[in-house]
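*Asks:* Have a look at this prediction, sequence included:
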Amino acid sequence: MKTRGYSLVEVVVAAAIAAIGVAAGAAIVNTLVVQEELNASSVRAANLQEQAVALYRLGITNTQDICNLLPEPCAPSGNPGSGGFVLTFSAPAAANFTATLTGGGQVPVACETVACTVVYGNPIAGSGQVAYLTNNVTIVRPTIRVGP
């Protein structure tokens, strides 16, 4: 009985196809890891900003005080670097609107609007550089009730 093995060319072609498959899998895994890191930074920045807005609405208006109270390290100015955060608030602007009461009627309310901006850095894969991303939120906080 004659047995036939694989030729050298067949083995080389099969090895090349397997190598291409392994390289493609490694590239996909690398892309997924980089995307997960970017998503994690964005979620951390959104959570930090949400907590800062809550503190501002509670009446803490000094940016440094807010930065000191937050669980993530952040600064009120400067360069966030990779994985860091810079949190800023614009100067309050006065605004007035009319609120409708549940029982009927309307009451004029004075409020202030403030823009809260968070800047955070994400490393650019393989380049050693950092891309700076920003997120802006407008805070509306009632100051006093104007009417009766």
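*Replies:* Yep, it's here.

*Asks:* quick one, strands of this protein?
*Replies:* 74-75, 85-89, 93-100, 106-123, 130-145 (DSSP state E).

*Asks:* Worst mean pLDDT among the ones you listed?
*Replies:* Lowest mean pLDDT within the strands of the chain: strand 93-100, a mean of 78.

*Asks:* Report all helices and strands that that one contacts.
*Replies:* Packing partners of strand 93-100 (3 or more Cβ pairs under 8 Å, 6 or more residues apart in numbering; DSSP states H and E): strand 106-123. The C-beta positions use only the backbone N, C-alpha and C, and glycine is treated the same way.

*Asks:* nearest residue to the residue nearest the centre of the chain other than its sequence neighbours?
*Replies:* Centre of the chain computed as the mean C-alpha position; nearest residue by Cα atoms, centre = their mean is Ser42, 2.3 Å away. Excluding the flanking residues, the one nearest Ser42 by Cβ to Cβ, 6 or more residues apart in numbering is Leu133, at 7.3 Å.

*Asks:* I appreciate the help and will end here.
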